[in-house]
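Student: Give the three-dimensional model of this entry:
(chains A and B)
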2 protein chains.
Amino acid sequence: MQTIDRLSLNQITTGKWNVREAVEGCVKADIPWISLWRHKVDEIGLNETKRLIQDAGLKVSSLCRGGMFPAATLAERQKRLDDNKRAVEEAAELGTDVLVLVSGPSPDKDIDSARQMVAEGIEKLVPFAEEYGIKLGIEPLHPMYAAERCVIVTMAEANAIAECYAPQQVGVVVDVFHVWWDHDLFHQIRRASGRILGFHVSDWIVPTPDLLMGRGMMGDGVIDIYKIRTAVEQAGYQGPIEVEIFNEEIWNRPGDEVLDEMKQRYLIHV
Amino acid sequence: MQTIDRLSLNQITTGKWNVREAVEGCVKADIPWISLWRHKVDEIGLNETKRLIQDAGLKVSSLCRGGMFPAATLAERQKRLDDNKRAVEEAAELGTDVLVLVSGPSPDKDIDSARQMVAEGIEKLVPFAEEYGIKLGIEPLHPMYAAERCVIVTMAEANAIAECYAPQQVGVVVDVFHVWWDHDLFHQIRRASGRILGFHVSDWIVPTPDLLMGRGMMGDGVIDIYKIRTAVEQAGYQGPIEVEIFNEEIWNRPGDEVLDEMKQRYLIHV
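Tutor: Purely as a prediction, here's the structure:
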């Protein structure tokens, strides 16, 4: 990367900052994009978030997150769908056109049925999202999260669902941490041409300290980020690149310092 | 399962037992099969292990493990190959016909080249193994081990390599913990028909306590073990079923107690 024009702070990277602090941090660091998390937006409200973003002149790359479709009962699945509709409204209000979907775990041992519930949930959400001009970005999570967070764990699965829709309705989000291990990755990135809605970077560090909070800063791990970025661009994606790092140690460092390092690493390793 | 005729103790489940204790434990618990680990065999030597196994009337389901093929230099790769040849000799000496292969991590960020080194290592090992009547069982490990243990992380990859050989030369080992999340699993099990060389059971517990030592006893997690076992049998596998659980808490319990629970859980959940 020659510039940071496409760099986006995914808010979870600075997990201890609230929205105001994250916005101010981006402004100070000249980072043009931000990805917001709903629980952070909730803390200060949608209107205040919107005002802060607009005053700062930031662009919102995506809202995290919708999804979590599978549930044991129809009533609970309807509740999840309603929540996804609120997420769509929030995304539109905040000025992004991408809602990231983390599909959710299975309520029981039947992972195939849970995957079906994801497909059904998306099917129901699409017309609503379209009204608001919101694209749904299916993000496959690493298979180690299959039981607790997301039954969609490969690009192949995400593509198969996304292909049921037009690219302006449903696409995929490529996060290097989740997909780097996949022998079929580059084929699936090509398959996703025209419907990649986001690109997330971090690194896989060795030894891996923790399932959830063990991601590393770009350059500290084993992922060939540059190669994946190039493939994603060849598949037509020229949008913002989010740095999304779940890591307790990084959370505990001063946010401004994290953003500075993030910029440097981005220019070298992404 | 109606009986424990096919039940095998993979020695790592009782990680604090030496070979003698594991053999005595199996005899006491009427478990007819055992899978041995090379570092445990090394502690007392090959001849003593062989004598203990024979005196006890135990059958050896497999030897763990060969593999670890990728390395940065040709010299180091040759060293790994030599070690694999010793593993083949040991397997034959111990009276099993299956050497389990854990392929190894990549020496650098180029995971595709590492996978190629795995294929080349196996190619070189096959004629040697065949002389000894040893089948090579490629075990795909969970993608969360891709960076540290094994670049072969799906049944599809294991099948693709195995299919270059006759089923009596190279096959695959199906471990539910490693493959349960795979949307393509049942197709790949069918594809492996006639060349499944082992079936390993444990469970994926939620929340997952640890990447390496976080496996659970069958029935304590989310894996539909019975469904996978049925598919593996439909693909022609009727051999021993190894219980292989890496779990510190289980290691700290009295081994006899673990074997008793293992038998009960096997009859209910496998």
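
Student: Could you check how far the longest strand seen in chain A is from the centre of its chain?
Tutor: Longest strand in chain A, counting residues (DSSP state E): strand A:59-67. Centroid separation between strand A:59-67 and its chain, computed with Cα atoms, centre = their mean, to the nearest Å, is 7 Å.

Student: Please save the CA atoms from whichever helix or strand comes after that strand in PDB.
Tutor: Sequence order places helix A:74-94 as the next helix or strand after strand A:59-67, per DSSP states H and E. What follows is helix A:74-94, C-alpha atoms only, in PDB (Å, rounded to 0.1, in the frame of the first residue of the first chain):
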ATOM      1  CA  LEU A  74     -39.300 -20.000  15.300                       C
ATOM      2  CA  ALA A  75     -40.100 -17.200  17.800                       C
ATOM      3  CA  GLU A  76     -36.400 -16.800  18.600                       C
ATOM      4  CA  ARG A  77     -35.500 -16.800  15.000                       C
ATOM      5  CA  GLN A  78     -38.100 -14.100  14.300                       C
ATOM      6  CA  LYS A  79     -36.500 -12.100  17.200                       C
ATOM      7  CA  ARG A  80     -33.100 -12.400  15.600                       C
ATOM      8  CA  LEU A  81     -34.600 -11.300  12.200                       C
ATOM      9  CA  ASP A  82     -36.100  -8.300  13.900                       C
ATOM     10  CA  ASP A  83     -32.800  -7.400  15.400                       C
ATOM     11  CA  ASN A  84     -31.200  -7.700  12.000                       C
ATOM     12  CA  LYS A  85     -33.700  -5.300  10.600                       C
ATOM     13  CA  ARG A  86     -32.800  -2.800  13.300                       C
ATOM     14  CA  ALA A  87     -29.100  -3.300  12.300                       C
ATOM     15  CA  VAL A  88     -30.000  -2.500   8.700                       C
ATOM     16  CA  GLU A  89     -31.700   0.700   9.800                       C
ATOM     17  CA  GLU A  90     -28.700   1.600  11.900                       C
ATOM     18  CA  ALA A  91     -26.300   1.000   9.100                       C
ATOM     19  CA  ALA A  92     -28.300   3.200   6.800                       C
ATOM     20  CA  GLU A  93     -28.500   5.900   9.400                       C
ATOM     21  CA  LEU A  94     -24.800   5.800  10.000                       C
END
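
Student: Please name every helix or strand in contact with helix A:74-94.
Tutor: In this structure, helix A:74-94 makes packing contacts with helix A:38-44, helix A:46-56, strand A:59-67, strand A:98-102, helix A:111-131, judged by 3 or more Cβ pairs under 8 Å, 6 or more residues apart in numbering or on different chains; DSSP states H and E. Backbone N, C-alpha and C define where each C-beta goes, glycine included.

Student: Partner strands of the third one, with direction?
Tutor: Paired strands of strand A:59-67, with direction, are strand A:33-37 (parallel), strand A:98-102 (parallel) (DSSP bridges).

Student: Same list (those) but as JSON lines, adding mean neighbour count and mean pLDDT.
Tutor: Shown next, in JSON lines, are those (neighbours: other Cβ atoms under 10 Å in any protein chain shown; pLDDT from 0 to 100):
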{"stretch": "strand A:33-37", "mean neighbour count": "24", "mean pLDDT": "98"}
{"stretch": "strand A:98-102", "mean neighbour count": "25", "mean pLDDT": "98"}
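
Student: ok, residue A:81 - contacts?
Tutor: Listed by Cβ atoms under 8 Å, 6 or more residues apart in numbering or on different chains, the contact partners of residue A:81 are A:69, A:121, A:124-125.

Student: ok, of these, which one's closest to chain B?
Tutor: Proximity of those to chain B (Cβ to the nearest Cβ) peaks at residue A:69, which lies at 15.8 Å.

Student: count of neighbours near that closest one?
Tutor: 26 (other Cβ atoms under 10 Å in any protein chain shown).

Student: wait, doesn't it sit right on residue A:76?
Tutor: No - contact criterion Cβ atoms under 8 Å: residue A:69 and residue A:76 do not qualify, at 10.2 Å.

Student: buried stuff in the longest strand of chain A?
Tutor: Residues of strand A:59-67 classed as buried by neighbour count (16 or more other Cβ atoms under 10 Å in any protein chain shown): A:60-67.

Student: gap between stretch A:113-128 and the chain center?
Tutor: The answer for stretch A:113-128 is 18 Å, by Cα atoms, centre = their mean.

Student: Find me whatever residue is spatially closest to residue A:151, sequence neighbours aside.
Tutor: Using Cβ to Cβ, 6 or more residues apart in numbering or on different chains and skipping the chain neighbours, the partner closest in space to residue A:151 is residue A:114 (4.6 Å).
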